[in-house]
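1. coords please:
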Amino acid sequence: MKPANPTDPQVHVINHPLVQHKLTLMRRKDASTSSFRTLLNELSMLMAYEVTRDMPMQEVEIETPLEKMTAHVIDGKKLVLVSILRAGTGILDGMLTVVPGARVGHIGLYRDPKTLQAVEYYFKMPKDMQERDVIVVDPMLATGNSAVAAIERVKATHPKSIKFLCLLTCPEGIATLRRLHPDVPIYTAAIDRQLNSHGYILPGLGDAGDRIFGTQ
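-> Residues are numbered from 1 along each chain as shown. This is a model prediction of the structure:
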């Protein structure tokens with residue numbers, strides 16, 4: 001993994017060969033709904049390793065078949081994965097495979113087709129957010145409006161930390177999120193060229209939600 005821009009260490013591109021390979025397969029327009037879901041699940045698991053790389057550890061005493069020892073564990077219950085509905089669910093499932101003890105929050109947002117602004121319709125978080133580290137997940141960081149709105153709502157719960165994880169982003173989305181939430185690191189598999197006039201990433205992979213759920 002490397003910073004996308006050496007002058008902005010808050011933007012990280014996960015450039016592991018397996019991540020890049022699976023992303024390429026997902027981009028293909030002839031990828032079936034089933035294969036798209038499977039690839040997204042696998043890719044999300046791989047990305048989970050990178051975004052949790054700096055999670056704090058604690059020592060516990062265990063007993064192996066041979067003797068007692070002190071070993072390191074993470075407290076998964078202190079981690080909250082926040083899915084931006086509906087497409088964030090595709091990333092959430094893969095990450096929970098890697099960190100099954102994490103709690104889950106949901107933010108329901110849709111993009112107004114005329115204004116491209118995020119409109120909220122659902123918000124549910126675990127209790128005691130002040131003690132928890134949060135990873136907000138959504139496949140695309142396009143205009144950045146949904147991510148900004150989601151992070152603003154999560155910040156109101158006063159968690160210990162927040163990260164944002166997406167498959168794809170673009171310069172416009174990064175600029176919006178960095179301008180309004182400069183303290184939130186961005187983790188992504190690729191930074192594509194630009195947005196089109198409808199707010200879609202180019203070259204991108206189409207509408208992630210439609211491709212996950214087969215609604216197009």
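2. where in this structure is pLDDT low?
-> 1-7, 75-77, 216 (pLDDT under 70).
3. ok, now how distant is the nearest residue to residue 29 once chain neighbours are set aside from residue 26?
-> Among residues not flanking residue 29 along the chain, residue 206 sits closest, at 7.1 Å (Cβ to Cβ, 6 or more residues apart in numbering). Heads up, the C-betas are built off the backbone N, CA and C, glycines and all. As judged by Cβ to Cβ, to the nearest Å, residue 206 and residue 26 stand 10 Å apart.
4. neighbour count: the two, which is higher?
-> Taking other Cβ atoms under 10 Å, residue 206 and residue 26 do not tie; residue 26 has more neighbours (24 against 17).
5. buried sites along stretch 96-110?
-> Residues of stretch 96-110 classed as buried: 96, 98, 99, 102, 103, 104, 105, 106, 107, 108, 109 (neighbour count, 16 or more other Cβ atoms under 10 Å).
6. my guess is the fourth one meets residue 82, correct?
-> No - the pair residue 102 / residue 82 is not scored as a contact, 10.1 Å apart, by Cβ atoms under 8 Å.
7. how far out from the middle of the chain is the helix or strand in which residue 110 is found?
-> Residue 110 belongs to strand 103-111 when assigned by DSSP states H and E. Strand 103-111 has its C-alpha centroid displaced from the chain centroid by 12 Å (Cα atoms, centre = their mean, to the nearest Å).
8. what about the strands in this protein?
-> 2-5, 8-13, 58-63, 68-73, 79-85, 103-111, 118-124, 133-137, 140-141, 161-169, 186-191, 194-195, 201-202 (DSSP state E).
9. related to what we said a few turns ago, for the buried residues of stretch 96-110, which one is nearest residue 87?
-> Nearest to residue 87 out of the buried residues of stretch 96-110 is residue 109 (Cβ to Cβ; 10.1 Å).
10. go through this structure and flag its longest helix.
-> Assignment by DSSP state H gives helix 33-51 as the longest helix of the chain.
11. returning to that earlier point: partner strands of the strand holding residue 110, with direction?
-> With DSSP bridges as the test, strand 103-111 is paired with strand 79-85 (parallel), strand 118-124 (antiparallel).
12. neighbours of residue 25, how many?
-> Neighbour number of residue 25 under other Cβ under 10 Å is 14.
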